[in-house]
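1. Pasted the sequence and its predicted model underneath.
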Amino acid sequence: MNKSLVALAALSAAGMAAAQSSVTLFGVVDTGVSYYQTTSKFVGVPGAPVLNFVGTPDLKQSQWALTNGNYNNSRLGFRGTEDLGGGLAASFWLEAPITADDGAVGVSTFGRRSTVSLSGAFGELRL
């Protein structure tokens, strides 16, 4: 009976000392809708014969566009930490730029930040 009591105490102590871990998904999507319009007027070419262009309409062009990064750059990231015990913790941070309008830049490279680190009483070692 003493052996089973000791085993139960050891299991409950191991359960309390279990490592704490967390993973966070974060990001910013900054897009906007913009409207552009230009108007061009016909101007004769110097030295060219004068032609009758009375009533020629102005040339107008307009465009609606979905734009990226009006205030911040859009990004998607994952970061997490794992308590290793004994005052040590392992962490990671993966962050990628994204474009919400065409998806040309995606999470395949994690080009904004890709780090792993080990931290403790000594500070942090980040790679």
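-> Good, I have the coordinates.
2. Point out the other elements, helices or strands, that whichever strand or helix holds Ser34 touches.
-> Per DSSP states H and E: Ser34 is located in strand 31-40. In terms of contacts (3 or more Cβ pairs under 8 Å, 6 or more residues apart in numbering; DSSP states H and E), strand 31-40 is packed against strand 59-68. C-betas here are computed from N, CA, C, even on glycine.
3. Tell me where the protein is predicted with low confidence.
-> Scanning the chain for pLDDT under 70 picks out the ranges 1-19, 42-58, 106-107.
4. Show me where it has its strands.
-> Using DSSP state E, the strands assigned to the chain run over residues 21-28, 31-40, 59-68, 75-85, 88-97, 113-120, 123-126.
5. got these as JSON lines, with mean neighbour count columns?
-> Shown next, in JSON lines, are the strands of the chain (neighbours: other Cβ atoms under 10 Å):
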{"stretch": "strand 21-28", "mean neighbour count": "11"}
{"stretch": "strand 31-40", "mean neighbour count": "10"}
{"stretch": "strand 59-68", "mean neighbour count": "11"}
{"stretch": "strand 75-85", "mean neighbour count": "16"}
{"stretch": "strand 88-97", "mean neighbour count": "17"}
{"stretch": "strand 113-120", "mean neighbour count": "14"}
{"stretch": "strand 123-126", "mean neighbour count": "10"}
